[in-house]
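S.K.: Here is a sequence with its predicted model. Questions after.
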Amino acid sequence: MAGTAQAQNSTLSITNAAAPSLQISPDAKAGGMADVAIATEADASAVYYNLAKTVFARKKSGASANYTPWMKDVADDMSLAALSGYHQLSDEQAIGASLRYFDMGNVDVIDYNGNKLQTSHPNEFTFDLGYARKLNSILSVGATLRYISSGLVSGQVNGQNYKRGNTVAADLSFYYNGIKENNKGWTAGVTLANLGGKISYSDNAAAKGYLPASLNLGFAYREAWDDRNHFLIGGDVNKLLVPEMPADSKDLPGYYNKGVVNSWFDGFGNKAWQFGLGAEYNYLEKLYLRLGYRSHSFTEGHWQYITTGVGLQFDIASINLSYVVPTGDKANRNPYVNTVRLGVIFGWGNR
């Protein structure tokens, strides 16, 4: 099913945050808990959310693979595939990497009169490489460098040449590990994500888009009722640090002329917030049942949705499945409903 994009004169109508796939959570395990992942237990998927966690992972090395058919209620040819991994160099250091590919399917580019201009096949991919280190027995930090290649529209549209946008960005992450020997305790995390240069999709150097930089806070509490039954509850708050697109086109030059650092501070003034709450019950660390709730602010769609998930742990691998429960109707219907994520996480080498 083809989507649509609109173009008129030399300005392509796209979201005010470039590289949209950077705002999509790729992990099926986190997906079952409404994408709560900043401070949950560390595994190979931590590379996507908070690299600093990897130095506290129970396994020395890990890898993960996830696949998501995206927005099935809107299109049937969009998907996100992701690979990640980490390795602990010592008790104090770890490295991590990830690769994501977002296929947006076939998109019909139309003008404001509804005339079809062309069919495009937008896609994006990112490659991450990062390093994490313990500061002491309970605190760690991480830094990730990200290469981003985003192609939304290619070729000429209304006399304007469009091309792939390429840039680099960085994540900074912090983690507090308060888990005790009895397997109970609090964890917390803070990340600054997608701090990078603007990205251009056209020959118009004055109209570069801002990456979806964000400030993300998370907490989790782990409870062990006995040797068999464990419970975790967590929450994340995400603040998009992108300036609001002006309503009047006369203000666009000033919008695009903002410096990158200034755009992050201006982004605090927008109303783009998300928060999520998630819970996970596991039996013998073999069977995992997950539930979550997530809410987007009005400027991000004003959507609320419930997620569920299940995980099965085998010898060195776990299989995870998550599902976004249908909510809302008509204009208020969440486009993420019926989204299914499937993933596998590997871990080997006891510390």
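M.R.: Received it, and whenever you're ready, just let me know what you need. The structure presented is a predicted model; accordingly, all values stated were derived computationally and were not measured.
S.K.: Which residue, other than its chain neighbours, is closest to residue 215?
M.R.: Once flanking residues are discounted, residue 215 sits nearest to residue 239: 4.6 Å by CB to CB, 6 or more residues apart in numbering. Just so you know, the C-beta spots here come from the backbone N, C-alpha and C atoms, and that holds for glycine as well.
S.K.: Checking my notes, residue 52 in a strand, right?
M.R.: No. Secondary structure of residue 52 (DSSP: H, G, I helix; E, B strand; the rest coil): helix, not part of a strand.
S.K.: Show the contacting residues for it.
M.R.: Applying CB atoms under 8 Å, 6 or more residues apart in numbering, we find residue 52 in contact with 132, 140, 141, 142, 173, 174, 175, 189.
S.K.: Contacts only, for the last one.
M.R.: If you count contacts by CB under 8 Å, 6+ apart, residue 189 has them with 38-39, 50, 52-53, 173-176, 216-219.
S.K.: now do 6 Å
M.R.: By CB atoms under 6 Å, 6 or more residues apart in numbering, the contact list for residue 189 reads 38, 39, 50, 175, 218.
S.K.: Just list whatever residues bridge to the residue nearest to residue 215.
M.R.: residue 215, residue 273 (DSSP bridges).
S.K.: now stretch 231-240: mean pLDDT?
M.R.: Stretch 231-240 carries an average pLDDT of 97.
S.K.: Buried ones in it, by neighbour count?
M.R.: For stretch 231-240, a neighbour-count test (16 or more other CB atoms under 10 Å) marks 232, 233, 234, 235, 236, 238, 239, 240 as buried.
S.K.: For the protein, which segments count as helices?
M.R.: 28-31, 46-49, 252-256, 260-267 (DSSP state H).
S.K.: Thought residue 78 was touching residue 104, still the case?
M.R.: Yes. Counting by CB atoms under 6 Å, residue 104 does reach residue 78; the two are 5.5 Å apart.
S.K.: What distance do you get for the spatially closest residue to residue 275 that is not a sequence neighbour to residue 211?
M.R.: Leaving aside its chain neighbours, residue 275 sits nearest to residue 237 (4.8 Å; criterion: CB to CB, 6+ apart). Residue 237 is 20 Å from residue 211, where distance means CB to CB, to the nearest Å.
S.K.: what do you get for residue 323?
M.R.: Residue 323 is 29 Å from residue 211, by CB to CB.
S.K.: Compare neighbour counts for the two and give me the winner.
M.R.: Using other CB atoms under 10 Å as the criterion, residue 323 and residue 211 rank with residue 211 on top: 28 against 18.
S.K.: residue contacts, that one?
M.R.: Contact partners of residue 211, counting by CB under 6 Å, 6+ apart, are 18, 19, 169, 194, 196.
S.K.: same question, residue 161
M.R.: Residues in contact with residue 161 (CB under 6 Å, 6+ apart) are residue 203.
S.K.: what does residue 165 give?
M.R.: For residue 165, the contact set (CB under 6 Å, 6+ apart) comprises 150, 199, 200, 201.
S.K.: farthest-separated two in those residues?
M.R.: With CB to CB as the measure, no two of the contacts of residue 165 lie farther apart than 150 and 200, at 10.0 Å.
S.K.: Distance check, residue 146 against residue 127.
M.R.: According to CB to CB, residue 146 stands 7 Å off from residue 127.
S.K.: Compare the two (neighbour count), which wins?
M.R.: In terms of neighbours (other CB under 10 Å), residue 146 is the more surrounded of residue 146 and residue 127; the figures are 23 against 13.
S.K.: surely the more buried one meets residue 172?
M.R.: No. In this structure, residue 146 is not within contact of residue 172 by CB under 6 Å, at 11.7 Å.
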